[in-house]
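> Sequence first, predicted coordinates after that:
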Amino acid sequence: QVQLVESGGGLVQAGGSLRLSCAASGIIFDINSMAWYRQNSGKREFVASILTDGSTNYADSVKGRFTISRDNAENTVSLQTDSVKLEDTAVYYCNAGIRSTRTSATHRVYWGQGTQVTVSS
């Protein structure tokens, strides 16, 4: 069984910073992509992703403000959010593609339970 657990959410003032973390645990052989998504009023949207080799991709709305990083040895991914805006308020979800065995044909996608980020003016 694999589990993703996010932490680090909370209340932050506009212009401030917050660091989100996500840890994968359970039977894990390898993890390819790790990512963050967010959801506010129904629609879940992509925020950022990072591959095993460290290559990253960001939504235009967060480029230059958010930084995604990962620790392959610890199976963790983090999201540093700087210069936050009111519109960054959302529940942030961690996502990862995980193989539990060497013989698994594909990486199964797992989601965390989400962590609330609220930006105040």
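Structure's in. What do you need?
> pull the CA atoms of the helix or strand containing W36 into CSV?
Assigned by DSSP states H and E, W36 belongs to strand 30-40. Backbone C-alpha positions of strand 30-40 (Å, rounded to 0.1, in the frame of the first residue of the first chain) are rendered in CSV as follows:
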residue,chain,number,x,y,z
ASP,A,30,10.6,3.9,-7.9
ILE,A,31,8.8,7.1,-8.5
ASN,A,32,8.9,8.9,-11.9
SER,A,33,7.0,12.2,-11.9
MET,A,34,6.0,14.0,-8.8
ALA,A,35,3.7,17.0,-9.0
TRP,A,36,1.5,19.5,-7.2
TYR,A,37,-2.0,20.4,-8.2
ARG,A,38,-4.5,22.8,-6.5
GLN,A,39,-8.3,23.0,-6.3
ASN,A,40,-10.4,26.0,-5.6
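> Name every strand pairing with that strand and say which way it goes.
Strand 30-40 has the following sheet partners, assigned by DSSP bridges: strand 43-50 (antiparallel), strand 90-99 (antiparallel).
> Could you pull out the buried residues of the first one?
Using 16 or more other CB atoms under 10 Å as the burial criterion, the residues of strand 43-50 that qualify are 47-50. Any C-beta I mention is one placed from the backbone N, CA and C, and that applies to glycine too.
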